[in-house]
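Asker: would you be able to build a 3D model of this:
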Amino acid sequence: MSEEEEFAYLCGVSSELKADIIKSYLESNGIKVLLTDSRMPYWDRAYMGLGGPIDIWVHPDSKEEALRLLKEIEGEIPDDTTEG
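Answerer: This next block holds a predicted model:
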């Protein structure tokens, strides 16, 4: 199974800093997180440099809990999300 199949899109945020803060919070609550640069077709951020929009991915079974946690800390879901 590829990484793409193991993770579900959670939301996109406008900066790497915001993504890292969200990732840290979700992981501290037991949710595994993958961050990707939304402008690049591959998963490894090491090649992408700093800045730019970031997509946040979680395990499909954790998506509902992750959205609940984000709403709890943000008062709303970050920049964008999909309902799918």
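Asker: buried set for the helix or strand that residue 73 is a member of?
Answerer: If you go by DSSP states H and E, residue 73 is part of helix 63-74. For helix 63-74, burial by neighbour count (16 or more other CB atoms under 10 Å) applies to 63, 66, 67, 69, 70. Heads up, the C-betas are built off the backbone N, CA and C, glycines and all.
Asker: I figured the last one hits residue 21, correct?
Answerer: No: using CB atoms under 8 Å, residue 70 is not in contact with residue 21; the gap is 10.9 Å.
Asker: secondary structure class for residue 12?
Answerer: At residue 12 the chain is in strand, as set by DSSP: H, G, I helix; E, B strand; the rest coil.
Asker: quick one: neighbours of it, just the number.
Answerer: 17 (other CB atoms under 10 Å).
Asker: got a pLDDT number for it?
Answerer: With respect to pLDDT, residue 12 has a value of 91.
Asker: which secondary structure elements does the helix holding residue 73 contact?
Answerer: strand 8-13, helix 16-28 (3 or more CB pairs under 8 Å, 6 or more residues apart in numbering; DSSP states H and E).
Asker: mean confidence (pLDDT) on that helix, please.
Answerer: 90.
Asker: now stretch 27-35
Answerer: 96.
Asker: endpoints of that stretch, how far apart?
Answerer: 12 Å (CA to CA, to the nearest Å).
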